[in-house]
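Visitor: Model the following, please.
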Amino acid sequence: MPAHSSPNGLLRLPRLWREGRTGLELAALMRDPRFRRPNPHVGRGRPVLLVPGFLAGDESLGVLAGWLRRSGFRPRGAGMRLNAGCFTAALDALEARAEASHHATGQRLAIVGQSHGGTLARWLAARRPELVSGVVAMGSPLVDPLAIHPLARFQVRFVGVLGSLGAPGLFSRDCLEGECCAELRRAAERPFPHAVGFVSIYSRSDAIVDWHACLDPAAEHVEVRASHIGMAVNAQAYAAIAAALNGFDAGEPRRLEPPVAVGA
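Guide: Purely as a prediction, here's the structure:
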């Protein structure tokens, strides 16, 4: 699916300054009663793996992890200080974590991933559906990984160049275009497993990722009012995540009600 573009071929995205709303979104979240007083019995100890976005680490989802923990879930980070490594190596590491969780709990885990983290989550669910109950992708360019703001695309290309020059911990251009992750890219085109829930949260005011690229045909789509970065601290996104996790626990994806408009 190509990125939604204007006649001159450029992506039609909201102004980048709109990403400055993150602080307002966090403030609105802190006032929201669902965040301040979560039901500690909702999660019932169910495991949730949190995967950060590109160039972010586990701490970027710290607020979400705390809320899930207070809601009775058992959130676990992806073990990433910086999500910028080889895609195949990152997926292998996530698979090992999912296997360890399954061995410890006997349960399939849910995965919540932001941006590129949601793409990795989708890949893991497709590779090992017996380990995953469902995937929640937040602002993830699932159908076109480069349907992103030109500045973000430059960052991706620049990191690829550094990785190709031997910088440790960074993916290379071979991961993007060559044989390194070619099998992974081919596997990503296979049908998503029916036994795994799949929800894609998107925002039309996302100034980093073209929201059309979030509309994976295999997923249930939930629209929120949020910035790209701010989805990790957005009250509407949290409502959608809660509904999705409950749907996964029921054993089958379900139609979600539109989240109540809160804050930003």
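Visitor: For the stretch 101-250 of the chain, give me the ranges with low pLDDT.
Guide: Scanning the stretch 101-250 of the chain for pLDDT under 70 picks out 250.
Visitor: what ranges do the strands span in it?
Guide: Taking DSSP state E, counting those that start in this stretch, the strands of the stretch 101-250 of the chain run over residues 109-114, 132-138, 197-202, 220-223.
Visitor: would JSON lines of those strands with distance to residue 98 be doable?
Guide: For the C-beta atoms, the positions are set from N, CA and C on the backbone; glycine is no exception. Formatted as JSON lines, the strands of the stretch 101-250 of the chain follow (distance: least, CB to CB, whole Å):
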{"stretch": "strand 109-114", "distance to residue 98": "6"}
{"stretch": "strand 132-138", "distance to residue 98": "7"}
{"stretch": "strand 197-202", "distance to residue 98": "15"}
{"stretch": "strand 220-223", "distance to residue 98": "22"}
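Visitor: which one of those strands lies closest to residue 180?
Guide: strand 109-114 (21.1 Å; CB to CB).
Visitor: Quick one: distance of that closest one to the chain centre.
Guide: Distance of strand 109-114 from its chain centroid, counting by CA atoms, centre = their mean, to the nearest Å, is 7 Å.
Visitor: Neighbouring strands of that strand in the sheet, and parallel or not?
Guide: strand 47-51 (parallel), strand 132-138 (parallel) (DSSP bridges).
Visitor: Give the other helices and strands that the helix or strand harbouring residue 97 contacts.
Guide: Using DSSP states H and E, residue 97 falls within helix 87-105. In terms of contacts (3 or more CB pairs under 8 Å, 6 or more residues apart in numbering; DSSP states H and E), helix 87-105 is packed against strand 47-51, strand 74-77, strand 109-114, helix 116-127, helix 182-188.
Visitor: on that earlier part again, just so I know, which of the strands of the stretch 101-250 of the chain lies nearest residue 155?
Guide: strand 109-114 (15.7 Å).
Visitor: ok and that closest one relative to helix 116-127, angle-wise?
Guide: Angle of strand 109-114 versus helix 116-127, following axes from the mean of the first three to the mean of the last three CA atoms, to 10 degrees, is 150 degrees.
Visitor: Pull the contacting residues for residue 175.
Guide: The contact partners of residue 175, taken as CB atoms under 8 Å, 6 or more residues apart in numbering, are 86, 87, 88, 160, 163, 181.
Visitor: What is the nearest of these to residue 56?
Guide: Closest approach between the contacts of residue 175 and residue 56, by CB to CB: residue 87, at 15.4 Å.
Visitor: So the closest one versus residue 223, what's the distance?
Guide: Distance of residue 87 to residue 223, given as CB to CB, to the nearest Å: 28 Å.
Visitor: now swap in residue 23 and tell me
Guide: Applying CB to CB to residue 23 and residue 223 gives a distance of 22 Å.
Visitor: the more surrounded of the two?
Guide: Applying other CB atoms under 10 Å to residue 23 and residue 223 shows that residue 223 carries more neighbours, namely 16 against 11.
Visitor: Who is that one paired with across the strands?
Guide: Beta-bridge partners, per DSSP bridges, of residue 223: residue 202.
Visitor: And for residue 136?
Guide: Note on residue 136: beta-bridge partners by DSSP bridges are residue 112, residue 199.
Visitor: show me what contacts it?
Guide: 110, 111, 112, 113, 118, 121, 199, 201, 240, 241, 244, 245.
Visitor: Between those, which sits nearest residue 52?
Guide: Residue 52 has its nearest neighbour among the contacts of residue 136 in residue 113, at 7.8 Å by CB to CB.
Visitor: Is there a neighbour count for that closest one? I'd like the number.
Guide: Look at residue 113: counted by other CB under 10 Å, it has 28 neighbours.
Visitor: What separation do you get for it and residue 194?
Guide: Residue 113 is 20 Å from residue 194, by CB to CB.
Visitor: One more: residue 51?
Guide: The gap separating residue 51 from residue 194 is 22 Å, by CB to CB.
Visitor: who's more crowded, the two?
Guide: Per other CB under 10 Å, whichever of residue 51 and residue 194 has more neighbours is residue 51, with 31 against 11.
Visitor: show me what contacts that one?
Guide: So residue 51 contacts 78, 80, 83, 94, 111, 112, 113, 114, 117, 118, 120, 121 (CB under 8 Å, 6+ apart).
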